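S.K.: just coords:
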């Protein structure tokens, strides 16, 4: 379903990152990361293009706002997968951020991501 497209996973909880990575691979995607911080994710983006991303809202170094804005500027579809909602600063910058509340199955998160990738 993902056709070997690279999907960046940005999640600081190891087990959740592992579950998302397994589901991306099961859907024929190529996992990039996971990254646990905004700084690590931006470093990855500087080195490797990605087709899509799954973002936790709060990471080890700060909230995901600068990364989400960078992805939006690059035209990379993403979803925010978080238990705390979307950061206020991000909501102001990008009012239509796609969101999947935790807990949610990895399959549900990937399905929402695929719908963003296909424009549905």
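M.R.: Now that the structure is in, tell me what you want to look at. The structure displayed is predicted, hence computed values, not measured ones.

S.K.: can you tell me how far residue 49 sits from residue 32?
M.R.: 9 Å (C-beta to C-beta, to the nearest Å). C-beta here means a position set from N, CA and C on the backbone, and glycine is covered the same way.

S.K.: just residue 115 next, same as before
M.R.: 20 Å.

S.K.: Those two: who's more crowded?
M.R.: Using other C-beta atoms under 10 Å as the criterion, residue 115 and residue 32 rank with residue 32 on top: 24 against 13.

S.K.: In three-state terms, label the more buried one for me.
M.R.: strand (DSSP: H, G, I helix; E, B strand; the rest coil).

S.K.: What pLDDT is listed against it?
M.R.: What the model reports as pLDDT for residue 32 is 98.

S.K.: Can you pull the phi/psi pair for residue 81?
M.R.: When read as degrees, to the nearest 10, the backbone of residue 81 gives phi -120, psi 110.
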